[in-house]
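Peer 1: got a predicted structure here, sequence first:
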Amino acid sequence: MKVSQIDLQHCKAASAIHSQSLAVKQTDISVIQEPWINKGLVSGLDRRIGVLVCEKGAAGLGPRAAVFIKGRQQALRLSQFCSRDLAAAMIKLKRKKDGTIDRVVCSAYLSCDSVEPPPTEELINLVRYCADKGLHLVVGCDVNSRRTVWGSSDTNKRGTALLEYLSSVELDILNKGSRSTFITSHKQKVINLPLCNHRLLELISDWWVQEEHTLLDHRRITFSLAAKAGLESTGIRRNPRATVWSSDKQELGWRLQGPCSHLSSASVVESEVIHLQSSIIQAFEAAYPAKPKVNKSKVPWWHGELGKFGPSSRKLLNRALRTNKDTDWAAYTAAQKEYN
């Protein structure tokens, strides 16, 4: 399973490029910070090929964290943890042979304007929930914090507080080396961190900071998430109109048979809700098995000019990084603004 992480800096053109990448490349999950916002809502992502998990921002500001998952039957939004700066979903992945495996994927934006040191209370609660339930957890963070441990050139108080927390809950940092994830004319920093709990670390590979141009100061991070057993391909689809609903009702009745637990506490209610949601999804999948899908989606934001712009803008960035001259950085910044 291919995962990508990127901070889109609320940029429309960058969202177009990212949407194009999702449609063309075999990316299963995209963890996004600062998505492009239009009228208070996340925009620029093609929801025909996947599901978007995020919270509507306060006062129409829009969310600063989102998760985009390909395949509409895979994601369960964890509403109790979602906020403007955090989006979380439980992904149900089918094994090829038998059973399913649950994983929680989260996008977190740790604002540098926050009075309290990172992490946020919402992220702390999510990490605790996954630890209590024994769930695998992947977190994509824009930490806005500096610590030499993850490749920064220096350390600040936010970075120290965050590192102490990560160590206390056994969250591992996936970054390798000191490849910068944020590049401008004045600084090159590592502030974008993918994290995972310790039980998942051995299943993650191919971490990399991509060099492809994104029209952003932030770079795209990618990595692969394997499973102990093979997973069902994500290139599939189901047509609800072709579902045999009588079979669906029979399957659902079989899964829900037996007495309901006494709803004596919030945790019991939560468990029953998850059981009901899982039963509905499993009954539907049994009534109409998935079929292979050929992705012919077109990205509405993509056009020829953006395609031509990528190589030329990348050349300007390479020249600026090589010479570090103000004139070269100004030329690169002007090229960015032209398409933003």
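Peer 2: Right, received. Where do you want to start? Residues are numbered from 1 along each chain as shown.
Peer 1: give the buried residues for stretch 148-165.
Peer 2: For stretch 148-165, burial by neighbour count (16 or more other CB atoms under 10 Å) applies to Val149, Trp150, Gly151, Ser152, Arg158, Gly159, Ala161, Leu162, Leu163, Tyr165. Glycine gets a C-beta too; all of them are placed from N, C-alpha and C.
Peer 1: phi, psi for the residue lying closest to the fourth one once chain neighbours are set aside please.
Peer 2: I take that to be Ser152. Spatial nearest neighbour of Ser152, excluding adjacent residues (CB to CB, 6 or more residues apart in numbering): Arg146 at 4.0 Å. In this entry, Arg146 is assigned phi and psi values of phi -120, psi 130 (degrees, to the nearest 10).
Peer 1: and the pLDDT for Arg146?
Peer 2: At Arg146, the pLDDT value in this model is 87.
Peer 1: please verify my assumption that it contacts Lys157.
Peer 2: No. At 9.5 Å, Arg146 does not count as touching Lys157 under the criterion of CB atoms under 8 Å.
Peer 1: give me the neighbour count for Asp113.
Peer 2: Using other CB atoms under 10 Å, Asp113 has 5 other residues around it.
Peer 1: if we can go back for a sec, and the residue nearest to Ser152, how far from Thr160?
Peer 2: 9 Å (CB to CB, to the nearest Å).
Peer 1: so Pro63 is in contact with Val53, correct?
Peer 2: No. The pair Pro63 / Val53 is not scored as a contact, 9.8 Å apart, by CB under 8 Å.
Peer 1: more neighbours: which of these two?
Peer 2: Remark: of Pro63 and Val53, Pro63 carries more neighbours, 28 against 25, as counted by other CB under 10 Å.
Peer 1: which residue is the nearest non-sequential neighbour of that one?
Peer 2: The shortest distance from Pro63 to any non-neighbouring residue, by CB to CB, 6+ apart, is to Cys54 (4.4 Å).
Peer 1: how close does the one you found sit to Val149?
Peer 2: Cys54 is 29 Å from Val149, by CB to CB.
Peer 1: identify the contacts common to Pro63 and Val53.
Peer 2: Residues touching both Pro63 and Val53 by CB atoms under 8 Å, 6 or more residues apart in numbering: Ala87.
Peer 1: mean confidence for stretch 85-100?
Peer 2: On average, the pLDDT along stretch 85-100 is 78.
Peer 1: start to end distance for it?
Peer 2: 29 Å (CA to CA, to the nearest Å).
Peer 1: also stretch 164-177?
Peer 2: For stretch 164-177, the end-to-end distance is 20 Å (CA to CA).
Peer 1: do me a favour and average the pLDDT over it.
Peer 2: On average, stretch 164-177 scores 87.
Peer 1: stretch 64-76 now?
Peer 2: Averaging pLDDT along stretch 64-76 gives 81.
Peer 1: so what are the sheet partners of the one helix or strand Ser30 maps to and their directions?
Peer 2: Assigned by DSSP states H and E, Ser30 belongs to strand 29-33. Partners of strand 29-33 in the sheet, by DSSP bridges, are strand 2-7 (parallel), strand 65-70 (antiparallel).
Peer 1: give me the helices and strands touching the host helix or strand of Leu163, please.
Peer 2: Element membership for Leu163 (DSSP H and E) is helix 157-169. Applying 3 or more CB pairs under 8 Å, 6 or more residues apart in numbering; DSSP states H and E, one finds that helix 157-169 contacts helix 121-133, strand 171-173.
Peer 1: how about a cut-off of 7 Å?
Peer 2: Using 3 or more CB pairs under 7 Å, 6 or more residues apart in numbering; DSSP states H and E as the contact criterion, helix 157-169 has no neighbours among helices and strands.
Peer 1: what sits up against that helix?
Peer 2: Contact partners of helix 157-169, identified using CB atoms under 7 Å, 6 or more residues apart in numbering, comprise 117-119, 127, 131, 143-147, 149, 152, 173, 195.
Peer 1: reformat the buried residues of stretch 148-165 as CSV; add distance to Trp36.
Peer 2: As requested, the buried residues of stretch 148-165 are arranged in CSV below (distance: CB to CB, whole Å):
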residue, distance to Trp36
Val149, 32
Trp150, 27
Gly151, 27
Ser152, 27
Arg158, 26
Gly159, 28
Ala161, 30
Leu162, 27
Leu163, 31
Tyr165, 30
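Peer 1: is Ser178 in a helix, a strand, or coil?
Peer 2: Secondary structure state of Ser178, per DSSP: H, G, I helix; E, B strand; the rest coil, is coil.
Peer 1: confidence score at the nearest residue to it once chain neighbours are set aside?
Peer 2: Leaving aside its chain neighbours, Ser178 sits nearest to Gly151 (3.6 Å; criterion: CB to CB, 6+ apart). Per-residue pLDDT puts Gly151 at 77.
Peer 1: who touches Gly151 in this structure?
Peer 2: With CB under 7 Å, 6+ apart, Gly151 has these contacts: Asn175, Gly177, Ser178, Arg179, Val190.
Peer 1: try it again at 6 Å.
Peer 2: By CB atoms under 6 Å, 6 or more residues apart in numbering, the residues touching Gly151 are Asn175, Ser178, Val190.
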